[in-house]
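>>> Sequence and predicted model, in that order:
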Amino acid sequence: MTSFAEFIQQQLGATDRADLGLLLNQFASACKSIGNAINRAAFTGASGVSNTDNVQGEHQKKLDIISNDLMIGWTQWGGHAAAMVSEELEAMYSLPPELQRGRYLLAFDPLDGSSNVDVNISVGSIFSVLLAPDQHRAARAEDFLQPGTQQVAAGYALYGPSTMLVLTTGQGVNGFTLDAATGEFMLTHPAMSIEPETREFAINASNMRHWETPVQRYIDECLAGKEGPRGNNFNMRWVASMVAEVHRILMRGGVFMYPRDNRDPAKPGKLRLLYEANPMSFIVEQAGGASTTGTQRILELQPDHIHQRVAVMLGSRHEIERIVSYHRT
Ligand SMILES: O=P(O)(O)OC[C@H]1O[C@](O)(COP(=O)(O)O)[C@@H](O)[C@@H]1O
Ligand SMILES: [Mg+2]
Ligand SMILES: [Mg+2]
């Protein structure tokens, strides 16, 4: 079986992106460390909330902060990163002056689904890699404001019953499982692809009263089942960890929706464009699925802020096309 390091070497080693390969190995190490910190939290005192809020005004868990420190700690060495943007840091993170800078901009959600971490339900990490537009000067926050189509790599780690790393460098999607016996991620899920048809959706139905009409219509039709306009019974799941939802969709199809709603017009959705929506959309499209806000392809959005939020609907292509068509009428 091929290890992650071997796979990366085969895919990027002999190209002008060999440095990206080295960076991706550092992400893999970061994810192993984060998985380990989550695993051992009950023994080390890392469970529970910290007494700080992040830039989104959300209470940080201790593991949010630990995961952020591990992600930065692993990826800033080696001379491949130019700067980082993280869910847990208000400003862009610049490398300390003594460290060599590289040409990649990293955006990450170090711990996704952190409301699940203390109840021992699957959580994850998400990362996105862009090229710095000008490698001869220090990176600036506005350098990160590139459409998702510019990503050179994206991935997530899932800390579930087993720890997995799922990656794209724009040549399809491959999944690796951590072999606890050797400490290596091994290629267990080559060429992952998303079924175009599905009978399963994921949405937080407690927000139903706030949804816009096209979303309401789509879900109503699914819920109407065999007797309704779709003529089929649909199943529903909601883990409240985007990584786990996207992984399920890669494994057996489905639709994930965190739509814009009418609660707060200043907030176009809950999820963050740079380090949640873009990397997941890149992965989903590379696996043959689709991703939209309802009216626009997510990967083509021009970001205007590093912590920008966006509506996200992604997954099985035929269902996403249907949802987009409902937004047009
Ligand atoms: O609690 P809600 O509103 O259902 O939201 C769940 C969503 O929020 C998130 O947990 C946001 O991620 P963070 O934990 O990184 O803030 C997603 O993973 C998930 O899809
Ligand atoms: Mg998240
Ligand atoms: Mg998070």
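Yep, it's here. Numbering: from 1, shown residues only. Ligands and ions are numbered 1, 2, ... in the order given.

>>> Residue in the protein with the shortest distance to ligand 2?
Asp112 (3.5 Å; CB to the ion). All C-beta atoms are positioned from the backbone trio N, CA, C, and that covers glycine.

>>> Next, give phi and psi for that residue.
Dihedral pair for Asp112: phi -100, psi 140, per degrees, to the nearest 10.

>>> Now do it against ligand 3, distance only.
Distance, Asp112 to ligand 3, using CB to the ion, to the nearest Å: 5 Å.

>>> distance of that residue from Leu158?
As judged by CB to CB, to the nearest Å, Asp112 and Leu158 stand 9 Å apart.

>>> which residues do those two both contact?
Common neighbours of Asp112 and Leu158, using CB atoms under 8 Å, 6 or more residues apart in numbering, are 124, 243.

>>> which SS state does the residue lying closest to Leu167 once chain neighbours are set aside fall under?
Leaving aside its sequence neighbours, Leu167 sits nearest to Gly155 (CB to CB, 6 or more residues apart in numbering; 4.0 Å). Of the three states, Gly155 takes strand under DSSP: H, G, I helix; E, B strand; the rest coil.

>>> wait, doesn't Val255 sit right on Leu314?
Yes. The pair Val255 / Leu314 is scored as a contact, 7.4 Å apart, by CB atoms under 8 Å.

>>> Kindly report the residues of the protein close to ligand 2.
The interface of the chain toward ligand 2, taken as CB under 5 Å from the ion, is made up of 109, 112.

>>> could you pull out the helices for the chain?
With DSSP state H as the criterion, the chain has helices at 4-12, 18-39, 41-44, 62-75, 213-223, 242-252, 278-286, 317-328.

>>> can you tell me which of these comes nearest to Met84?
Of all those, helix 62-75 sits nearest to Met84, with 6.1 Å by CB to CB.

>>> What is the end-to-end distance of stretch 56-69?
With CA to CA, to the nearest Å as the measure, stretch 56-69 spans 18 Å from end to end.

>>> and for that stretch, what are the contacting residues?
So stretch 56-69 is in contact with 34, 37-38, 41, 45-50, 52-54, 86-89, 110-111, 114, 117-118, 125, 272, 307, going by CB under 8 Å, 6+ apart.

>>> Likewise for stretch 212-226?
Under the criterion CB under 8 Å, 6+ apart, residues 201, 203, 205, 208, 211, 228-230, 232-234, 236, 257, 259-262, 294, 322-323, 326-327, 329 lie in contact with stretch 212-226.

>>> what's near enough to touch the residue lying closest to Met186 once chain neighbours are set aside?
Excluding its sequence neighbours, the residue lying closest to Met186 (CB to CB, 6+ apart) is Met1, at 4.8 Å. Residues near Met1 by CB under 8 Å, 6+ apart: 186-188.

>>> Please tell me which one of those residues counts the most neighbours.
Neighbour tally across the contacts of Met1 (other CB atoms under 10 Å): the maximum, 18 neighbours, falls on Met186.

>>> hmm, back to that, now for the residue of the chain closest to ligand 2, how many residues are close by?
Around Asp112 there are 30 residues (other CB under 10 Å).

>>> From Asn68, how far off is it?
From Asp112 over to Asn68 (counting by CB to CB), the distance is 12 Å.

>>> Also Val243?
Separation of Val243 from Asn68 (CB to CB) stands at 16 Å.

>>> before we move on, what about Thr292?
Thr292 sits at a distance of 29 Å from Asn68 (criterion: CB to CB).

>>> repeat for Lys62
From Lys62 over to Asn68 the distance is 11 Å, taken as CB to CB.

>>> Have a look at the two and say which one is more surrounded.
Using other CB under 10 Å, the more surrounded residue of Lys62 and Asn68 is Asn68, with 24 against 21.
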